[in-house]
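Participant: model the structure of this input:
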Amino acid sequence: MNVATQADVKAFVQTAEQAGGFVWVISLVDFAAREVKRALVSDESYSTPAAARDAGVARLAALAADRQAHG
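Facilitator: Residues are numbered from 1 along each chain as shown. Reported below is the predicted structural model:
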């Protein structure tokens, strides 16, 4: 599980089985407020959990870089 942190908000990358394949799930959790702020699920299905996790980590990194660039 990869985690990106900003204050009490953390983003987690997880995998889930779906229709014989695997998808990544990115969850943005605000621990101070005790709530899930947002969850993203991949549209694409992957053949292994490792492939889904790697794609999810790459997507989270791209989102973080985009956020820093537009800031």
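Participant: ok, the residue nearest the centre of the chain - contacts?
Facilitator: The residue lying closest to the centre of the chain (C-alpha atoms, centre = their mean) is residue 26, at 2.1 Å. Shown in contact with residue 26 (C-beta atoms under 8 Å, 6 or more residues apart in numbering): 11-13, 39-40, 56, 59-60, 63. C-betas here are computed from N, CA, C, even on glycine.
Participant: and residue 15, by the same measure?
Facilitator: 22-25, 49, 52-53, 56.
Participant: where's residue 22 relative to residue 44, distance?
Facilitator: 10 Å (C-beta to C-beta, to the nearest Å).
Participant: more crowded one of the two?
Facilitator: Remark: of residue 22 and residue 44, residue 22 carries more neighbours, 22 against 11, as counted by other C-beta atoms under 10 Å.
Participant: just the element for the residue nearest to the centre of the chain, please.
Facilitator: Assigned by DSSP states H and E, residue 26 belongs to strand 21-30.
Participant: can you tell me the SS state at residue 43?
Facilitator: Following DSSP: H, G, I helix; E, B strand; the rest coil, residue 43 is assigned to coil.
Participant: cool, and residue 65?
Facilitator: With three-state DSSP as the criterion, residue 65 reads helix.
Participant: separation between it and residue 11?
Facilitator: 13 Å.
Participant: looking at the two, which one has more neighbours?
Facilitator: Using other C-beta under 10 Å, the more surrounded residue of residue 65 and residue 11 is residue 11, with 19 against 10.
Participant: quick check: the more buried one touching residue 27?
Facilitator: Yes. Counting by C-beta atoms under 8 Å, residue 27 is a contact partner of residue 11 at 7.0 Å.
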